[in-house]
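Student: Take a look and give me a structure for this.
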Amino acid sequence: MFVGALELDVLLGDVHSLKQKRSVVRPIVAELRRKFEVSVAEAGHLDLHRRALIGVAAVAADAEHVRDVLTACERLVAGRPELELLSARHRLVGPEDE
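Tutor: Numbering: from 1, shown residues only. Okay, here's the model as predicted:
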């Protein structure tokens, strides 16, 4: 079993309140969940209205599949015009990491 985690630090465009931030971040989280069947949450920068840290997790029997899914998630977020992807951090844990 392999577990992959992805942290996406994003800068939101024309957002002036936490309410507007939620209206941008929630659809992205929902799309990632629906399209890739991963666990996703807004996991950081909760008090900043122009920044968000989105966490994504995936589990599979094959490490390459986990990497492919997380890379596709990163590409989807990077392609969104309403935000700028500042950084992406991938982690993979497998049976040899015990």
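Student: This structure: helices as residue ranges?
Tutor: Taking DSSP state H, the helices of the chain run over residues 18-36, 63-78.
Student: for those, which one sits closest to Val10?
Tutor: helix 63-78 (6.7 Å; Cβ to Cβ). Bear in mind the C-beta positions are built from the backbone N, C-alpha and C, glycine included.
Student: which outside residues touch the closest one?
Tutor: Identification of contacts with helix 63-78 by Cβ atoms under 8 Å, 6 or more residues apart in numbering yields 2-6, 8, 10, 28, 31-32, 35-36, 38, 54, 56, 58-60, 83, 85, 88, 90, 92, 94.
Student: just stretch 8-23 next, same as before
Tutor: Residues contacting stretch 8-23 (Cβ under 8 Å, 6+ apart): 24-25, 44-45, 47, 49-56, 73-74, 77, 81-88.
Student: What are the buried residues along it?
Tutor: Within stretch 8-23, the residues that qualify as buried are Leu8, Asp9, Val10, Leu12, Val15, Lys21, counting by 16 or more other Cβ atoms under 10 Å.
Student: what do you get for stretch 39-48?
Tutor: Val40, Glu42, His45.
Student: what's near enough to touch the first one?
Tutor: Yep, that's Val40 we're talking about. Counted by Cβ under 8 Å, 6+ apart, Val40 has contacts Val29, Leu32, Arg33, Ile54, Gly55, Val56, Ala57.
Student: Kindly state the beta-bridge partners for it.
Tutor: Val56 (DSSP bridges).
Student: For Arg33, see how far away it is.
Tutor: According to Cβ to Cβ, to the nearest Å, Val40 stands 5 Å off from Arg33.
Student: Repeat that for the last one.
Tutor: Taking Cβ to Cβ as the measure, His45 falls 20 Å from Arg33.
Student: Over to Ala63?
Tutor: 22 Å.
Student: Equivalent analysis for Leu86, please.
Tutor: For Leu86, the distance to Arg33 equals 22 Å [Cβ to Cβ].
Student: For Ala61, grab phi and psi.
Tutor: With angles defined as degrees, to the nearest 10, Ala61 shows backbone torsions of phi -80, psi -20.
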